[in-house]
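**Q** Structure here, sequence nowhere to be found:
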Ligand SMILES: [Zn+2]
């Protein structure tokens, strides 16, 4: 018998001038040339954070903040890919495989078209699934609200887990 679990993840970070932040702008583990970057305890990778929450949510294993608390120094300025790798390991230990990943990134700038393929391939590698099972979509917020004014970036991720148990 096969079991399926769906999971939803969401994350948002504030964008500031990179001169203040002194940290690169990263999405899905890929560094993207941009004059702003995210304020965060980690590297502020909203796509990876939303992916972690989607995976943990699908397996009913709490959330990213529970596993990697802001309050613990070892997670400060951590490469978020490391967190995602740990989450994927945890999912596998629980007997789940990732069936597919569908993500939407919302930001006003920069245009992500040149980076979508790189992001997709990197997410596929982290998730240990073929790239055709990963979907990366990007859109703007039509100049509305904080995202539309370029003050923030957000990501939504849905995953499906599958198990033979
Ligand atoms: Zn985050």
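**A** Everything's here; your move. Keep in mind the model is a prediction, meaning the values are calculated, not measured.
**Q** Can you show me the helices along the chain?
**A** Secondary structure of the chain (DSSP state H): helices at 18-21, 46-58, 64-67, 80-93, 116-127, 145-148.
**Q** Using JSON lines, please lay out those together with distance to residue 39 and mean pLDDT.
**A** From N, CA and C alone the C-beta is placed, and that goes for glycine too. Below are the helices of the chain laid out as JSON lines (distance: least, C-beta to C-beta, whole Å; pLDDT from 0 to 100):
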{"stretch": "helix 18-21", "distance to residue 39": "7", "mean pLDDT": "82"}
{"stretch": "helix 46-58", "distance to residue 39": "11", "mean pLDDT": "98"}
{"stretch": "helix 64-67", "distance to residue 39": "16", "mean pLDDT": "92"}
{"stretch": "helix 80-93", "distance to residue 39": "14", "mean pLDDT": "96"}
{"stretch": "helix 116-127", "distance to residue 39": "21", "mean pLDDT": "98"}
{"stretch": "helix 145-148", "distance to residue 39": "13", "mean pLDDT": "96"}
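**Q** Just say which of those is most tucked in.
**A** Comparing the helices of the chain by mean neighbour count (mean count of other C-beta atoms under 10 Å), helix 46-58 comes out on top with a mean of 27.
**Q** and that helix with the ion, contact?
**A** Yes: residues of helix 46-58 are located near the ion by C-beta under 5 Å from the ion, namely residue 49.
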